[in-house]
Structures are given as structure tokens and as C-alpha cells.
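In: what shape does this take:
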Amino acid sequence: MADLLWPGDERAGDLFSDGALLKAMVDVERAWLAALVSAGVAPSSADAHLDSLVTSDLLERLAREAESGGNPAMALVSWLRGALEDTCPETARWLHRGLTSQDVVDSALMLCARDATTQLRAALVDQIDCLARLVETHSATPMVARTLTQHAVPTTFGLKAAGWLTGVLDAYDDVAALVLPVQAGGAAGTMAGAVELASALPEPLEVVHRMTQDFTARLGLAPSIPWPTSRAAITRLADATVRCTDAWGRIANDVLTLSRPEIGELSEGTGGGSSTMPHKANPVLSTLVRRAALTTPQLAATLHLAAAEAADERSAGPWHAEWATLRTLLRRAVVAGDQTRELLSGLRVHTDRMLHTLAAAREDVHAEQRSLADLTGSAPRRSYVGASAMFVEATLARATGVLAGTVSATARAEESR
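Out: From the prediction side, this is the model:
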């Protein structure tokens, strides 16, 4: 995918593209068909791989035909059945039986979201590692703190970067805690169709339960009761994503402010150029990250509004409003995550400028200290950064725990292969 009006969009690759969504929907149909066969509900002759049926012109065809049914799943099922009728009639007969279009679309969205959140987690881990090293290196680097844009009191760049790191750690916690559930409820979330299909077998309810578990496992999603108009899975995903862009936006804003020529305490590793002014090295990465932070909350708000407007057992409009909104939200977050990773890895810290600014503001930034020392009748301390070192150490300890956990998780994954 490419988007001239969203520079950097190519960083998200094929995530949530039409092709990725189509593949996910076919994977859902394939997994359900295999579960029907495995449970003995459908005959073994119904089992078939469906990937080979996806032709290069299918996307364009589905895009045209989806309008008549209001969603792409209906057009896909119709096309697949038509393609299977002559060569695999039993597959055509059993395809999609017991499911509804919302099962296919919602489960496919969760599969696409899983790929996106995997990339978000990887970006967050890299940022945590980079920021932890930055915090440790500059734990005692003096600079002036600013409140309401004005000089306040002395601080350290390590503590400022620890604030960035805290935001990224909070975002990581939210993304890591996400649960992406399967959707399998049939026409109205009752699974009545699947139970009817299994009625010839002993204990049809138990058969359907096992069949749903099998379906869920094949897709690698989390088990769940149907959630057709209970949309917390979507809004939690949106909230975790916005937590990421909030954290990255805070970093970008600080870099944008502190890289102004009159301040010059930070700069991007490789600044962008200007079409007319050759002397400029614009903080392009910070600008693009800030752009994402300014736009993702509104996308999440749309998803919350859709959840609040959900009605009956399938919503007319709110459900449909989710799809492209979620795609845009997650793609923009993945792009911003990669841009933030690049920003942090190349960030230049100009400690001499920090020290110069602090020294020049010495009388002002120590005014509070002098008033408090007068109150107590004692001489002012040589340092006025309070418990900054303790806060830095606590943040670093938290980062170390996350990084150690991700290493262990990677090792366990390698051992299980």
C-alpha cells in the first residue's frame, strides 16, 4: 500500500490491506470448514484448501459486489461457492454453514489486528531498550526543567527521558494485555445454526462447543462467547493503540521544542531538508509522529461511538463504521511506532547546550531553593534535583523487567518450534 497524503505509510507494509483482509477472511472460512469436518458435522469430502481459489482479479470483483450486501464476506462466500460447485460440490455445500458474515469479518479483523499489534509490540520493545540506554547515559546530565513553556527548576535529561520511557512502558503494558477474541455466533449470536447442523450427533451442544474451540485454535485467536454488539474487543484495541501514539507524541513534542535553533538541546539524527531553504534540517520524524498523535484519538472516538450506538444483535451502520476506521488507526500507529524507533535511535543530545542554558538561568531556577532554604534557616544544597536519581532507577528497573520478560518469551517460542 502507498499513501501520498500520509508520508511513511509504506512502513506498515501489507498490514490491513485489502489483500491481507481477503486472506484473513479466507482463513476464517477454511478454519470453520475444517472444524465442521473434524467434528463429524460435515463429511470429510467437504474439506478443502481455499487459497488456490483466490485469483488476482478477485479483490476488484469483491469491492464491486460488496455493496449489495453491505459487507465483503457475503460477496466472498458467493464467489467461493460458485468456484467450488463443479470441482468440489461438497465443499461448496458446506462452506460457511453455521457462520454469518459478521463472524467472518470480525474474526478476520482480529487476525489483521494481531499482525499489527505484533509489530507495535516489537517497536515498543526496541524503544524501551533505546530509552533505557538513553536514561542510563544521561541520568546525571543537568538541564533546566520547563513548566508552562518557562524555565522552572534544575532537572536532568535522564529524568526527562525516564518520563518518555514511562509512557512507552505504559503503552507496552496495554498492548501486551490485549485479548483478540474469535467471533463465532451465527446469524444472531446464538449458534443455533451450528447446533442444528450437529443435531444428528450425540450431545450437539457439546459438539458445537468442541467445534468452536477447534475453530478458535486454528485461527490462533482467544476463545470467546459471541460479541456481535458488545464491542469492547474493538474499543480496547483502539485505546491501547492511542496510548502508544500518546506516548510517542509526548516524545515528539519535546524533541520539536528542544531542537529549535534558539534552544538546540536536542536534534534528530538526520533532519529533513527544505525545498527552498538549503540551510534547514527539519525535524521530520518528530513532525510525522506528532501528526499521528493528533489524529488517532479521533479514530478511537469513532470506534467508541460505534460501540455506544450498537443495537439489536447486529448493528446497522455502527458495525460497518468500524472496519476502515480500525484499519486506518492501526496502520497509522504502526507507522508512527517505526518512526519513533528511528527517531530515538538517532537522537542527538547536546549536553553543552543544556548546561549553558541552565547556567544562564541560574538565578531564576534556584529561586525556589533559596526561598525554602531561608524558611529552614539552612544553607542551600549544592544540588537541587531532589529524588530524580531514585525516579530514574525505578523506571530503569521497570524497563529491565519488561526487556527480560520479552527475551524469555522469545526463548520459549524458539524452544517450542
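In: which one's the longest helix in the chain?
Out: helix 101-137 (DSSP state H).
In: next SSE after that one?
Out: As assigned by DSSP states H and E, the chain's next helix or strand after helix 101-137 is strand 142-147.
In: paired strands for that next one, with orientation please.
Out: Strand 142-147 pairs in its sheet with strand 150-156 (antiparallel), by DSSP bridges.
In: what are the buried residues along the partner strand?
Out: For strand 150-156, a neighbour-count test (16 or more other CB atoms under 10 Å) marks 151, 153-156 as buried. All C-beta spots, glycine's among them, are computed from the backbone N, C-alpha and C.
In: just the C-alphas of the helix or strand just after it, formatted as PDB.
Out: Of the helices and strands lying after strand 150-156 in sequence (DSSP H and E), the nearest is helix 157-176. Extracted as PDB, the C-alpha positions of helix 157-176 are listed here (Å, rounded to 0.1, in the frame of the first residue of the first chain):
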ATOM      1  CA  PHE A 157      17.900  14.900  31.000                       C
ATOM      2  CA  GLY A 158      17.900  11.400  32.400                       C
ATOM      3  CA  LEU A 159      14.700  12.200  34.300                       C
ATOM      4  CA  LYS A 160      13.100  13.700  31.200                       C
ATOM      5  CA  ALA A 161      13.900  10.700  29.200                       C
ATOM      6  CA  ALA A 162      12.600   8.500  32.100                       C
ATOM      7  CA  GLY A 163       9.300  10.300  31.600                       C
ATOM      8  CA  TRP A 164       9.300   9.300  28.000                       C
ATOM      9  CA  LEU A 165      10.200   5.800  28.900                       C
ATOM     10  CA  THR A 166       7.400   5.600  31.500                       C
ATOM     11  CA  GLY A 167       4.900   6.500  28.700                       C
ATOM     12  CA  VAL A 168       6.300   3.800  26.400                       C
ATOM     13  CA  LEU A 169       6.200   1.200  29.200                       C
ATOM     14  CA  ASP A 170       2.600   2.100  30.000                       C
ATOM     15  CA  ALA A 171       1.800   1.700  26.300                       C
ATOM     16  CA  TYR A 172       3.600  -1.700  26.200                       C
ATOM     17  CA  ASP A 173       1.600  -2.900  29.200                       C
ATOM     18  CA  ASP A 174      -1.700  -2.000  27.400                       C
ATOM     19  CA  VAL A 175      -0.700  -3.600  24.100                       C
ATOM     20  CA  ALA A 176       0.700  -6.800  25.800                       C
END
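In: can you pull the contacts of L180?
Out: Counting by CB atoms under 8 Å, 6 or more residues apart in numbering, L180 touches 110, 113-114, 117, 221-222, 233, 237.
In: buried subset of those?
Out: By neighbour count, with 16+ other CB under 10 Å, the contacts of L180 hold 110, 113-114, 117, 221, 233, 237 as buried.
In: low-confidence stretches in the chain?
Out: Residue ranges of the chain with pLDDT under 70: 271-280, 408-417.
In: show me it divided up by domain.
Out: Annotated domains of the chain cover 15-98+191-223, 100-184+226-417 [automatic domain parsing].
In: nearest to D3, of these?
Out: Nearest to D3 among the domains of the chain is domain 100-184+226-417 (8.6 Å), distances taken as CB to CB.
In: Throw the domains of the chain into JSON lines and include distance to G8, thanks.
Out: Converted to JSON lines, the domains of the chain look like this (distance: least, CB to CB, whole Å):
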{"stretch": "domain 15-98+191-223", "distance to G8": "13"}
{"stretch": "domain 100-184+226-417", "distance to G8": "5"}
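In: between those domains, which gets nearest to L4?
Out: domain 100-184+226-417 (13.7 Å).
In: and stretch 259-269, how far out from the chain middle?
Out: 30 Å (CA atoms, centre = their mean, to the nearest Å).
In: neighbours of D312, how many?
Out: For D312, the neighbour count with other CB atoms under 10 Å is 9.
In: quick check: phi and psi on it?
Out: Here is the backbone geometry of D312 (degrees, to the nearest 10): phi 60, psi -150.
In: what's the burial count for the residue nearest to it when sequence neighbours are not counted?
Out: Distances taken as CB to CB, 6 or more residues apart in numbering place T229 nearest to D312, at 6.7 Å, with adjacent residues excluded. Residues within reach of T229, counting by other CB under 10 Å, total 17.
In: wait, T229 touches A310, no?
Out: Yes: with contact defined as CB atoms under 8 Å, T229 counts as touching A310 (3.9 Å).
In: joint contacts of these two?
Out: Shared contacts of T229 and A310 (CB under 8 Å, 6+ apart): W319.
In: contacts only, for V168.
Out: With contact set as CB under 8 Å, 6+ apart, V168 has these partners: 124, 127-128, 131, 247-248.
In: contacts for stretch 93-104 next, please.
Out: Identification of contacts with stretch 93-104 by CB under 8 Å, 6+ apart yields 25, 28-29, 32-33, 36-37, 41-43, 46, 69, 71, 73-74, 76-77, 80-81, 84, 183-188, 191, 193-194, 197, 228, 314, 319.
In: could you rerun that using 7 Å?
Out: Contacts with stretch 93-104, where a contact means CB atoms under 7 Å, 6 or more residues apart in numbering, come from 25, 28-29, 32-33, 36, 42, 46, 71, 73-74, 77, 80-81, 84, 183-187, 193-194, 197, 228, 314, 319.
In: for the longest helix of the chain, buried residues please.
Out: Using 16+ other CB under 10 Å as the test for burial, helix 101-137 gives 101-117, 119-121, 123-132, 134-135.
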